[in-house]
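here's a sequence, model it:
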Amino acid sequence: MAATMAPTVPAEPILPAARARAPHDPGFRPDIEGLRALALLAVLAFHAGIPHLAGGFTGVDVFFVISGYLITGQLLREAAVSGRIRLVEFYSRRARRLLPSAAVVLSVVALAGAWLTAPLRRADLEYDVLASALSVADWRFVAQQTDYLAAGRDPSPLLHFWSLAVEEQFYLLWAPLLALLVWLARRHFRSAWAVMTALVMLASFALSLRWTHGSVSLAYLGSPSRAWQFGVGAVAALLPAAGLRRVPAPLRALLGWAGLAAVGWSVVEFTARTPYPGWAAVLPTVGAAALILAGPDPRFGPGRLLGLRAPRAVGRLSYTLYLWHWPVLVLVQARFGALDWPVLAALTAASALPALATTRWVERPLRRSPVVVELPRRGLSLGLSAVILPVVLALVVGSGTLRLLGPGTPVNLAGLPPGAPDGPTLLLPSSAARTVPAVVPTAAQARKDFPPDGACEVPPTAVSSPACLFGDTSSGDRIVLLGDSHAGQWFSPLLGIAAERHWALEELVKQGCPLPQLTVVNPQLGREYRECDSWRANALERLRIEPKPRLIVIGALNRYTRDQPLLAKAWEQTLAPLRELGVPIVYLTDTPIPGQDVPACVSGHPEDPGRCAFPRAAANWPDPLAEAVAAGQEPGVRAVSVNPVLCPDTGSSCPAVLEHILLYRDDAHLTNVAAVVLAPRLDRLLSDTGALPAPGTTELLHEDFQGPAGSPPDPSRWQYDTGTCYPGCPAAQWGTGELETMTDAAQNVRLDGQGALEIVPTRGPDGQWSSGRLESRSARLAAPAGGVLRIEASIQLPEATGAAAGGIWPAFWTLGGALRDGYTGWPGIGELDVMESVNGRGSVFGTMHCGSAPGGPCHEPQGLGSGEHPCPDCRSGFHSYAVEVDRSTAPEQVRWYLDGTEYHRVTADQVDPAAWDRAVHHGMFLVLDVAVGGGLPAAFGGTVTAATEPGHPMRVREVSVTARPAGH
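Numbers count the residues shown, from 1 in each chain. Got it, this is the predicted structure:
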């Protein structure tokens, strides 16, 4: 869902209560007729978006109170006069009063929708007509608005019929319940009625409070959570009229003005951010009841104003005007796009014309017709006909629309054309020519084209994810997909990528929950999204205690806030514990946000889907995390983006359909088809950053240093160098003038029990330094002819700087495998220093050694180096250091990377062919060590002194070596 996280109050409050009895009736209340006008005008202003009247939705409360008062009063009087309640007559009056006008509006909307709305939206609309005609519209819209995955669609022209459904459900249940009470407690029915009303009110209000903080749509639209407001009106009707008349007129006037102030204050001060209904609804509800109880009589009370001719005229029109105004606003905007509030206000005023016509030629004639009024069953037959007519129209129009749209069956993913792994096109050029000239998925299919991850994309109410492991679950390696639904849209391609490597995929995804640690309001819950904070914390803790994955892929909607510094800080709070895992992290930058119902638009323009393109500027927001990664400010995190192909920078708009692929399933998320087509591109992007071995890649070595604390590294993969020189001692002090003695003791080389290797320089009582030096057992780590060798490690440098780090020299490097035959022949046999750092400086080096010394093609002993490359936080966390030997290019290359970003390169044309061949075209072995003293630290002004601190380890979380053959 594109997803605004601000709470939204449904934009279509309430059907006006049934019109008060005619003026000749002794019980007629002109002030109530005017009160209905006040409530209606508040609703209309709210729907028109008139500034400073954002709380106009509280008109719903006023109308419900009026209904409860009038209907209960009517039934009370009937019970008092006749001793019973005639349900058939009651329903006959309701049917001929309410249903014919509603049928006219539903029928017009059903037909107008065929002209004014796109086919896919039209299909939804016909279902809305059916639900509205059958008085269950509230539950249909509850289901839609509580479904996060159904968000992003245009509002229904019949969304306001939810309130009519609530009213009719009230009539359906309230009258029989009261009739039963009259029959059971004939002598004490008023007392029984009062008790029952109180119980209903308490239960309903408790539900309202609970649902307001659990599901705002259910609380707002559901009849159970609204019943208490009818009950407030019923209580007002139960109070003895004679007793109210004995209250002094000034007090009643004060009560009325207080009620009017409560309603008015709600209209002006409440906003979409007000948790509603909940406790807030008490104010307009009690205010409406106070206005009713104050009555029309006090000379200086508001009832006098409400009973004037103008308010009463609007009140008489309130039912039909309410019915007509919302469809006019929605359908006109469906045709012409979003409109400003002055235009909406004018359209609202214009809707009085069809409202007057309906009142004049439908409502009044049928309600007062002697033929219809004569027999109750005729009123019921009229009501039944009013239900059947829109139902038939909806079925006819809807069935034709469904035939036009075609079946919404799932897409056969096996039949999709292959996606391009790179370049400017979405599909491989050879396959694009064979693509049938149709949109895939169809608009109807796109609406349901979700990732096939079952219940693993957890809903807003969940605080933890189930065990969601896919692919090769027996594998010890897995990719973790972490984030909200904008991460979840990548489930299918990542599952394929994992399966190709015989890995598993773990999904930790929660709807509408920002992965950066932001506090947001969830529109489905209508309040602060506490479940998101709990879920995020649980997910991070789960990753901490689970076996270490091979890769963590993160993603999130980039629109939870416009505050860029706040968003950057929130990301850092989440990334910090993820970095501690020592696992490559890849951020999938957010895809473009259309901001419109793309499948509906495409269904309306099947021959020209280009008309559904959307503005680039609005679709792409600034992304502080992507910018920080690009600037090298986010250690351990790499960013990849498919946006260059989804929204090329050659124009001002982004396509909704690209090369016959419908890209979006709603206003914000990719279709699963689009994600699958993008899988080869995503695979290439992840491989190019070094986050994953490329397809066809052979893993020559992978080590994640699992084991108990204090234990040695796996002896099948690693061997120790000990003493002060290689076997045979071809060069004392390791050939570099180092001071330490290398040992195999746990004090110098050990696992930390948390998935890291520690190499620790120590100083004995005699002042003698010792440290650790590991070599890979394999010395056959080589780049295949025409292929690529990648060597990578995740390392945290010793946490010491300044004098405390004087002479300390951590390193990760390679030597030619032939050295194992006698450890002679350096530098001709080749050395690649993947990472070196000295003296605790905020920098690292990458260097190639080759040829002969001194001098030679690699300028020994310095080598062909990068110089100091800045990395000020390499001591505060793990960073990825990699070198690639690339024999697939001409000339061949060796490239150095820090956190996926290349910072140094040596090419074969910089070295004579014979020296390059001896240095590169053979197997290598790896070396990890922390040296103390020597020529390199001294060259940068660092020597070992009494201030040099022992005990600061170099920590290594992961080492991997992969080889990609030619042609991959």
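
Thr58: what's it in contact with?
Counting by CB atoms under 8 Å, 6 or more residues apart in numbering, Thr58 touches 13, 42, 263, 266-267, 270, 281, 283-284. All C-beta spots, glycine's among them, are computed from the backbone N, C-alpha and C.

from the centre of the protein, point out the most distant residue.
Gly728 (62.6 Å; CA atoms, centre = their mean).

any idea whether that residue is helix, strand or coil?
Following DSSP: H, G, I helix; E, B strand; the rest coil, we place Gly728 in the coil state.

that one touches Gly822, doesn't it?
Yes - with contact defined as CB atoms under 8 Å, Gly728 counts as touching Gly822 (6.4 Å).

show the backbone phi and psi for the residue farthest from the centre of the chain.
Dihedral angles of Gly728 (phi, psi; degrees, to the nearest 10) stand at phi 80, psi -10.

so Leu254 sits in a strand?
No - read with three-state DSSP, Leu254 is helix and lies in no strand.

how much space between it and Gly301?
8 Å (CB to CB, to the nearest Å).

between those two, which one's more packed in?
Neighbours were counted for Leu254 and for Gly301 using other CB atoms under 10 Å; Gly301 has more, 25 against 16.

okay, and Ile552 sits in which element?
In this structure, Ile552 sits in strand 551-555 according to DSSP states H and E.

again, but for Asp833
Assigned by DSSP H and E, Asp833 belongs to strand 831-836.

quick check: angle from the next helix or strand after that strand to strand 831-836?
With elements assigned by DSSP H and E, the helix or strand that comes after strand 831-836 is strand 843-849. Computed by axes from the mean of the first three to the mean of the last three CA atoms, to 10 degrees, the angle separating strand 843-849 from strand 831-836 equals 180 degrees.

does the residue lying closest to Ala639 once chain neighbours are set aside count as helix, strand or coil?
Nearest non-adjacent residue to Ala639, counting by CB to CB, 6 or more residues apart in numbering: Val629, 4.0 Å away. Val629 falls in the helix class when you classify it by three-state DSSP.

so how far is Asp297 from Val629?
73 Å.

more crowded one of these two?
The residue with more neighbours, out of Val629 and Asp297, is Val629; 24 against 15, by other CB under 10 Å.

identify the residue nearest Asp873 in space, chain neighbours excluded?
Once flanking residues are discounted, Asp873 sits nearest to Pro635: 5.7 Å by CB to CB, 6+ apart.

quick one: the strands in the stretch 701-850 of the chain?
718-720, 741-742, 749-751, 757-759, 762-763, 769-771, 773-776, 788-796, 808-816, 831-836, 843-849 (DSSP state E, counting those that start in this stretch).

packing partners for the fourth one?
Packing contacts for strand 757-759, counted by 3 or more CB pairs under 8 Å, 6 or more residues apart in numbering; DSSP states H and E, involve strand 749-751, strand 773-776, strand 924-932, strand 954-964.

repeat that for the third one.
Applying 3+ CB pairs under 8 Å, 6+ apart, one finds that strand 749-751 contacts strand 757-759.

for Val640, which residues are in contact?
Residues near Val640 by CB under 8 Å, 6+ apart: 586-589, 682, 685-686, 689.

which ones among these lie within helices?
If you go by DSSP state H, the contacts of Val640 have 682, 685-686 in helices.

and Lys448, how many neighbours?
Using other CB under 10 Å, Lys448 has 16 other residues around it.

Pro410 is in contact with that one, correct?
Yes - look at Lys448 against Pro410 with CB under 8 Å: they come within range, at 7.3 Å.

measure Val602 to Leu382 for me?
From Val602 across to Leu382, the span is 42 Å (CB to CB).

strands of the stretch 501-650 of the chain, start to end?
Under DSSP E, counting those that start in this stretch, the stretch 501-650 of the chain gives strands at 504-510, 521-522, 527-528, 551-555, 585-588, 614-615, 637-640.

any weak-confidence spans in the stretch 351-500 of the chain?
Scanning the stretch 351-500 of the chain with the threshold set as pLDDT under 70 gives 430-437.
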